[in-house]
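1. The following block contains a protein sequence and its predicted model.
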Number of protein chains: 2
Amino acid sequence: MAERLIVVGGDGAGMAAASQARRRRDRDDLTIVAFERGHFTSYSACGIPYWISGVVPERDQLIARDPATFQDQFDIQVRLRHEVTGIDLERREVVARDLAGGGEVREGFDTLVYAAGAMPIKPAWAHIRAGGVFGMQTLDDGAALRDWLDGEPKPRRAVVIGGGYIGVEMAEALIQRGLSVNLVERADQPMSTVDGDMAELVAEAMRGIGIQIRTGLSVTGLEERDGRVSAVVTAEGPIPADVVVLGLGVRPNTRLAEEAGLPLGPTGGIRTDRRMRVPGLPGVWAAGDCVETLHRVSGMPVHLPLGTHANKQGRVAGINIGGGYATFPGVIGTAVTKVCDLEVGRTGLRERDAAAAGFEFVSVIAESTNRAGYYPGARPMTVKLIAERPSGRLLGAQIVGWSEAAKRIDTLAVALWNGMTVDEMTALDLGYAPPYAPVWDPVLIAARKAVDALAATGG
Amino acid sequence: MAERLIVVGGDGAGMAAASQARRRRDRDDLTIVAFERGHFTSYSACGIPYWISGVVPERDQLIARDPATFQDQFDIQVRLRHEVTGIDLERREVVARDLAGGGEVREGFDTLVYAAGAMPIKPAWAHIRAGGVFGMQTLDDGAALRDWLDGEPKPRRAVVIGGGYIGVEMAEALIQRGLSVNLVERADQPMSTVDGDMAELVAEAMRGIGIQIRTGLSVTGLEERDGRVSAVVTAEGPIPADVVVLGLGVRPNTRLAEEAGLPLGPTGGIRTDRRMRVPGLPGVWAAGDCVETLHRVSGMPVHLPLGTHANKQGRVAGINIGGGYATFPGVIGTAVTKVCDLEVGRTGLRERDAAAAGFEFVSVIAESTNRAGYYPGARPMTVKLIAERPSGRLLGAQIVGWSEAAKRIDTLAVALWNGMTVDEMTALDLGYAPPYAPVWDPVLIAARKAVDALAATGG
């Protein structure tokens, strides 16, 4: 009889694990069943803001593979609208509730992949469950927000709470939809994924398209009228709102895992080994936004919910379940986004992270251009580097620029991944041609400046 | 009395060396004199095709720093239109001819930087000196071609000989100027800097804008009428031409160096050590298109004349002359270009180079897109990887794509620089967001495919 693999959570990580396991083991060897609480499998959560704004017209464009594809091409059974309510590791069984049809199903397993993702953080504010208040994590969340924006009475005033990626991207999407937008952020800068000096460049662009940014401001609650949210209450008084989007981050969705006895790490994410096995629990694997992972620069565990990590981790788990060998060696915190045509990239540690990890460092900011200065379309690009002193080892990098800027962070990410020093980086053989870079690439200019800064501090 | 530094050649390498030396040693300590045969200092030779086409309107936009700037800001004397005709290492003296005013000058030196650049290869064809035949290496060459194109009778038919970067870029520039263009290439593909399969994508785009590509065709001579070129003679008969651009590559300009006793390497370029010193000749340095350098992947010396290397090498020489410490660790052959809006990037070894260097390898081609497939503006991108077997170490990479493709080669270049295997590369933490990449970045997709190919060959 075939072994049974149960996957809890049918998004990127879970379905990558299922697909990779299937590539290596056929149906006579392995039965695969995936449970997914929502209406969709394997969709691009990162694409939701672009669907909200209308840049991506159709919801289904965000769906990479639907359940029929998994069934037909991979022989993977997907049970949509099935919420797993219990995992019994001793009896090797999961219990799931059929959210659509009602009733409960039980499925035995030999191997389990826990990939339940993350949940938007929803504070215990008054009226947090009022109509028009949305977390933004799943495609179902996005669909609900779109219905609300298209419904009557038509929302005109939006408040986005939290200025991270989702908050900033949603603020732009709502402006594009014609709403007025306030972005409220407790910290003293939006886009806290980069340092304050770089974030200010982003904030300027956001103000330029009409987003009202209110930093250093705490939200204390919400107001509600006739079941609909009517205001966000802050220390400086209420801000009227017809729709509220929460961009307060997410936390690993681990309730079931915890109940079943899977170990959590200091970040609240599930612990795994390099092969994505859950330590001490044979046949149990975890991957995606519910796990914590190693930050290769700080050496600390981090919870970094991103589709690219989830897919990689799922693939690694699936290869191993399939009898192959693969490891997930951790992350360095690379991320890119676009805000009002301004491109933002980051990798490694910010100044505050480097300090918290105990590093001594210098940081430099170098202004340059994406192309040769004389080539049409040359636009400013700002590169920030953070380098350990006195070693010169790159610890982190950030880029803000107007065109062809964000993905240049990959160049720095690979340098960081390999432990290069800024001095070594000044010699890197990077592509040069006038339409693509000045003769000294922005990355090289920044590296040279960091070398000078190290020398000036006796590094 | 101040020491004397003489620089032979006032372009990128020479002037970078001069500037860096000056940063560290003031005028009381070091007198700096640079001789330049042409009319310009520190200009972008790589920008010449874009000036020819009109994309860059003004010649002076290509000049990074003029002699007055060097004099006023750096206290560096530049003698334009002075051709060095002899170097006497024993007497520590150079002799130069004043091409404008006539006469000869002699200058003593303590330290010499030889940075005489490269010369376009001009075969010993009949009528090679006819009017309308141009090499394309210096800004003076570009100016002469522009004058010819603007002169009477107006040239209508162009033949470009040689399908490397300069040939291909010049063919496009001439099409943009409204000429009909034949590109003649002796090899069986144009754009021989990438493998044939990738070059075919480029050739298609070139044909699409009307460039006639004639491969496998040798030029045997030129025809001339009234002092003007009238045809290019080939094995398949003459091709009428009112203007001919030679894109046959360049060779290191070493005649003077050789006469003075500087050692040449197997490529014909001047040999230097890692600090850009000429071995065995104290106080003599060389940098730029006249030197050969280490290819870090093949381990062989190569002559790779590129502005980015020239500037780096000049900087290294200047830092060392200034009393600092810097090294140039070699190149990996990274290059990018744009042909008819198609972007091309390459790094490391092509298949033929890998074979010539004695490597066993697999190569894979992966099709992907520059953005998430659903994001507006997503365009195809083709990534080729060449990996040693069985080790999996990356040996080379090539990218062809329509938008935001070329500079992604830098990601692969840094991976290659650091000796990564394709298996290690599958875990790289690269930036992901729908406007910039699919959830599996094209680089990662290619790496995964290479891993599979290695496994299939028992690697």
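-> Looks like it arrived, so ask away. Residues are numbered from 1 along each chain as shown, chains lettered A, B, ... in the order given.

2. The stretch 201-350 of chain A: strands as residue ranges?
-> Assigned by DSSP state E, counting those that start in this stretch, the strands in the stretch 201-350 of chain A fall at A:212-214, A:219-225, A:228-234, A:237-240, A:243-246, A:250-252, A:284-286, A:293-294, A:301-302, A:335-339, A:342-348.

3. Residues contacting the last one, please?
-> To tie it back to what came earlier, the one meant is strand A:342-348. Strand A:342-348 is contacted from outside by A:191, A:193-194, A:198, A:201-202, A:205, A:297, A:332-338, A:386, A:394-409, A:412-413, A:416, B:429, B:431, B:436, using CB atoms under 8 Å, 6 or more residues apart in numbering or on different chains. No exception for glycine: its C-beta is placed from N, CA and C like everyone else's.

4. Could you do the first one as well?
-> When contacts are taken as CB under 8 Å, 6+ apart, the neighbours of strand A:212-214 outside the stretch itself are A:163, A:180-185, A:190, A:203, A:206-207, A:234, A:236, A:239.

5. I'd like the average pLDDT over that strand.
-> In this model, strand A:212-214 carries a mean pLDDT of 97.

6. Now the contacts of strand A:212-214 in CSV, please, with extra columns for pLDDT, neighbour count and distance to chain B.
-> As requested, those are arranged in CSV below (pLDDT from 0 to 100; neighbours: other CB atoms under 10 Å in any protein chain shown; distance: CB to the nearest CB, whole Å):
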residue, pLDDT, neighbour count, distance to chain B
A:163, 94, 29, 17
A:180, 98, 16, 24
A:181, 98, 25, 20
A:182, 98, 21, 24
A:183, 98, 28, 19
A:184, 98, 26, 23
A:185, 97, 25, 20
A:190, 92, 28, 17
A:203, 96, 21, 19
A:206, 96, 23, 16
A:207, 96, 13, 21
A:234, 97, 19, 30
A:236, 95, 11, 33
A:239, 98, 20, 28
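
7. from the residues you listed, which is closest to residue B:371?
-> The closest of these to residue B:371 turns out to be residue A:206 (CB to CB; 22.2 Å).

8. Isn't the closest one up against residue A:170?
-> No: contact between residue A:206 and residue A:170 fails when scored by CB atoms under 8 Å: they sit 11.8 Å apart.

9. As a check, name the ranges of all strands in the stretch 351-459 of chain A.
-> Under the criterion DSSP E, counting those that start in this stretch, strands of the stretch 351-459 of chain A are mapped to A:361-369, A:380-388, A:394-401.

10. so what's residue A:319 up against?
-> Residue A:319 makes contact with A:20-21, A:24, A:325-326 under the criterion CB under 8 Å, 6+ apart.

11. will you turn the residues you listed into JSON lines that also has neighbour count, distance to chain B and pLDDT?
-> Below are these laid out as JSON lines (neighbours: other CB atoms under 10 Å in any protein chain shown; distance: CB to the nearest CB, whole Å; pLDDT from 0 to 100):
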{"residue": "A:20", "neighbour count": "21", "distance to chain B": "11", "pLDDT": "97"}
{"residue": "A:21", "neighbour count": "28", "distance to chain B": "16", "pLDDT": "98"}
{"residue": "A:24", "neighbour count": "15", "distance to chain B": "11", "pLDDT": "96"}
{"residue": "A:325", "neighbour count": "9", "distance to chain B": "10", "pLDDT": "95"}
{"residue": "A:326", "neighbour count": "21", "distance to chain B": "8", "pLDDT": "95"}
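
12. Can you pull the poorly scored residue ranges out of chain A?
-> Low-confidence segments of chain A, defined by pLDDT under 70: A:459.

13. And it, split by domain according to the record?
-> Listed domain ranges for chain A are A:3-44+A:55-119+A:251-321, A:122-248, A:335-453 (source: automatic domain parsing).

14. so of those domains, which one's packed in deepest?
-> Burial among those, expressed as mean neighbours by mean count of other CB atoms under 10 Å in any protein chain shown, is greatest for domain A:335-453, which shows a mean of 22.

15. how long is it end to end?
-> 26 Å (CA to CA, to the nearest Å).

16. elements contacting the helix or strand harbouring residue A:31?
-> Taking DSSP states H and E as the definition, residue A:31 sits inside strand A:30-36. On a contact count with 3 or more CB pairs under 8 Å, 6 or more residues apart in numbering or on different chains; DSSP states H and E, strand A:30-36 meets strand A:3-8, helix A:12-24, strand A:76-80, strand A:82-88.

17. contacts for it?
-> A:2-11, A:14-15, A:18, A:21-22, A:41, A:70, A:74-84, A:94, A:96, A:107.

18. If we use 6 Å, what do you get?
-> A:2-8, A:10, A:14, A:18, A:76-80, A:82, A:84, A:96, A:107 (CB atoms under 6 Å, 6 or more residues apart in numbering or on different chains).

19. Quick check: residue A:174 is in a strand.
-> No: under DSSP: H, G, I helix; E, B strand; the rest coil, residue A:174 sits outside any strand and is assigned helix.

20. dump the residue contacts of the residue nearest to it when sequence neighbours are not counted.
-> Distance criterion CB to CB, 6 or more residues apart in numbering or on different chains; nearest residue to residue A:174, sequence neighbours excluded, is residue A:158 at 4.5 Å. By CB under 6 Å, 6+ apart, residue A:158 lies in contact with A:174, A:179, A:181, A:243.
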